[in-house]
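In: Generate coordinates for the sequence data below:
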Amino acid sequence: TVEELRLLMYKTEHLEKSSGIIEFKNEAYRFLMTSSPDRNNMSIVYLSMQPENEVLGRLVTVLTVTGLSGLVMVFIISLFMADRALIPIKQSWERQRNFVADASHELRTPLAVIQTNLELVMGNPYDTVESQSKWLEYIQTENRRMARLVNDLLFLARADSNQELVEKKHFLLDASIRDAVLPLESTALRKGIKLQLTMDPDIGFFGDETRIKQLVVILIDNALKYTPPGGIVQLELKAQENNVEMQTG
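Out: Residues are numbered from 1 along each chain as shown. Here you go, the predicted structure:
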């Protein structure tokens with residue numbers, strides 16, 4: 001209004017400067033004040049700073065949103081990179097945990113077989129060593145297997161160094177399985193379980209003989225564990241045209 005304009009001009013005249021910024025009714029104005037040479041006339045030009053403040057406000061908002069978005073993206077990328085960096089550690093920890101579980105399970109089996117065979121030998125103190133040679137041979141076999149399991153403690157170090165964990169070679173699968181299963185005969189005998197092997201002869205195979213023996217021992221040991229007295233644990237090995245089939249029950 002005219003009255004407001006007069007108040008603004010009055011306030012501007014008392015600033016004692018010809019240009020600058022003046023605030024009036026919560027708004028800011030740029031002003032330029034000039035006078036005629038004879039100082040009889042005075043002109044004042046006002047320019048509202050509202051558009052500039054709006055642009056500045058939008059710029060601050062954009063910069064704030066952009067900065068926060070950048071921080072969020074950096075945080076997400078950091079989490080992703082940290083998770084990727086932890087993958088080898090997680091894998092190593094998982095391998096170690098699996099190895100400890102497998103090793104403890106596999107060590108229990110030969111210890112149980114050795115204990116059972118020793119009980120059979122000690123239960124017949126007047127028999128000759130020759131008459132009990134089968135049980136003594138089983139003890140020796142399981143002792144060797146325990147030595148191999150102890151050597152497998154190098155598994156973690158080899159795994160962490162990305163060394164080859166599987167040692168493949170040609171061997172007779174039926175003979176290896178028989179060597180792995182027969183020491184468990186004493187355990188089956190003690191529990192009153194019949195251990196029956198049906199295998200095709202001279203089955204050539206290429207693979208890791210030690211790991212296959214470990215797998216077979218675990219399968220038969222679990223079968224003996226959950227078979228009631230008087231039951232039968234069977235292992236059947238058949239040579240197919242291009243593969244080998246093994247069944248337990």
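
In: From now on I want contacts and neighbour counts done on CA atoms only, so please keep to that.
Out: Will do.

In: Could you check the pLDDT of the closest residue to Asp208 other than its chain neighbours?
Out: Distances taken as C-alpha to C-alpha, 6 or more residues apart in numbering place Lys168 nearest to Asp208, at 4.4 Å, with adjacent residues excluded. With respect to pLDDT, Lys168 has a value of 84.

In: Tell me how many other residues crowd Lys168.
Out: Applying other C-alpha atoms under 10 Å, we find 13 residues neighbouring Lys168.

In: can you tell me how far it sits from Met199?
Out: Counting by C-alpha to C-alpha, to the nearest Å, the gap from Lys168 to Met199 is 22 Å.

In: measure the residue nearest to Asp208 to Arg30 for me?
Out: Distance from Lys168 to Arg30, by C-alpha to C-alpha: 88 Å.

In: got it, and Glu241?
Out: With distances taken as C-alpha to C-alpha, Glu241 is found 97 Å from Arg30.

In: Can you name the next helix or strand after whichever strand or helix holds Thr61?
Out: Element membership of Thr61 [criterion: DSSP states H and E] is helix 50-122. Using DSSP H and E, the helix or strand that follows helix 50-122 in sequence is helix 133-151.

In: ok, now which ones touch Ser176?
Out: By C-alpha atoms under 8 Å, 6 or more residues apart in numbering, Ser176 lies in contact with 209, 213.

In: and it, that's in a helix?
Out: Yes: counting by DSSP: H, G, I helix; E, B strand; the rest coil, Ser176 is part of a helix.

In: Mind pulling up the pLDDT for it?
Out: Predicted confidence (pLDDT) for Ser176: 92.

In: any idea how far stretch 58-67 is from the chain center?
Out: Distance of stretch 58-67 from the chain centroid (C-alpha atoms, centre = their mean, to the nearest Å) equals 40 Å.

In: Do me a favour and average the pLDDT over that stretch.
Out: The model assigns stretch 58-67 a mean pLDDT of 88.

In: C-alpha coordinates for that stretch, PDB please?
Out: Output in PDB follows, covering the C-alpha atoms of stretch 58-67 (Å, rounded to 0.1, in the frame of the first residue of the first chain):
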ATOM      1  CA  ARG A  58      15.900 -24.800  -3.200                       C
ATOM      2  CA  LEU A  59      19.600 -25.000  -3.800                       C
ATOM      3  CA  VAL A  60      20.200 -25.700  -0.100                       C
ATOM      4  CA  THR A  61      17.500 -28.400  -0.200                       C
ATOM      5  CA  VAL A  62      19.000 -30.000  -3.300                       C
ATOM      6  CA  LEU A  63      22.500 -29.900  -1.800                       C
ATOM      7  CA  THR A  64      21.200 -31.400   1.500                       C
ATOM      8  CA  VAL A  65      19.300 -34.200  -0.200                       C
ATOM      9  CA  THR A  66      22.200 -34.900  -2.600                       C
ATOM     10  CA  GLY A  67      24.700 -35.000   0.300                       C
END
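
In: Student question: in the protein, what's the helix or strand with minimum average pLDDT?
Out: Within the chain, no helix or strand scores below helix 155-160, which has a mean of 56 by mean pLDDT, DSSP states H and E.

In: right, and the helix or strand after it?
Out: strand 169-172.

In: just checking, what packs against that following strand?
Out: Contacts defined by 3 or more C-alpha pairs under 8 Å, 6 or more residues apart in numbering; DSSP states H and E place strand 169-172 against strand 204-207.

In: Over to Pro228. Which of the three states is it?
Out: Put simply, Pro228 is coil when judged by three-state DSSP.

In: Just give the number of residues close to it.
Out: Other residues close to Pro228 by other C-alpha under 10 Å number 12.
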